[in-house]
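Asks: just need the structure, nothing else, for what follows:
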Amino acid sequence: QVELVESGGGLVQAGDSLRLSCAASESLITYGLAWFRQAPGHDREFVAFTGPGDSIIYSDSVKGRSTISINNSKNTVFLQIDSLEPEDTAIYYCAARGTQSIYVPARLEDSYKYWGQGTQVTVSS
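Replies: Numbering: from 1, shown residues only. The predicted structure follows:
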């Protein structure tokens, strides 16, 4: 069972950039990895995904200003978001799923078995 720990959140100003980290307890090579976020009063939503074969998917809300990447030597997945907006304020979670879910849409929250505790990102205007 892989354990995930997010870090890098904080209070930033609109227009700033932020890089979130998600450290795993084991190798992530065989996992599909995603970032989700949950804003106050809203459901958790998909943000970005990276998986085997270097597939990468972004939500429309962050596409063009976000980068998901992985450092396999450090078992860490990153999410950088540029040009932050107050609407990006949320708790950001990383999640992992095994290869049995490879054909399941990456945006499907229930397809992820392992979740971190989340890191708060607050963007002031």
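Asks: burial measure for residue 104, as a count.
Replies: 13 (other C-beta atoms under 10 Å). To be clear about C-beta, it is placed using only N, CA and C from the backbone, and glycine gets the same treatment.
Asks: which residue is nearest the centroid of the chain?
Replies: For the chain, residue 35 is the residue whose C-alpha lies nearest the centre (C-alpha atoms, centre = their mean; 1.9 Å).
Asks: ok, and the closest non-adjacent residue to residue 16?
Replies: Excluding the flanking residues, the one nearest residue 16 by C-beta to C-beta, 6 or more residues apart in numbering is residue 84, at 5.2 Å.
Asks: so the one you found: helix, strand or coil?
Replies: Of the three states, residue 84 takes coil according to DSSP: H, G, I helix; E, B strand; the rest coil.
Asks: wait, isn't it in contact with residue 15?
Replies: Yes - here residue 84 reaches residue 15: they are 6.7 Å apart, a contact under C-beta atoms under 8 Å.
Asks: now do the contacts for the residue nearest to residue 16.
Replies: The neighbours of residue 84, taking C-beta atoms under 8 Å, 6 or more residues apart in numbering as the test, are 12, 13, 14, 15, 16, 17, 18, 121, 123.
Asks: ok, back up a step: work out for me the element the residue nearest to the centre of the chain sits within.
Replies: strand 32-38 (DSSP states H and E).
Asks: from the chain's centre, how far out does the lowest-mean-pLDDT helix or strand in the chain sit?
Replies: Every helix and strand in the chain was compared by mean pLDDT, DSSP states H and E; the lowest is strand 55-58, with a mean of 93. Offset of strand 55-58 from its chain centre (C-alpha atoms, centre = their mean, to the nearest Å): 11 Å.
Asks: tell me which residues in it are buried?
Replies: 57, 58 (16 or more other C-beta atoms under 10 Å).
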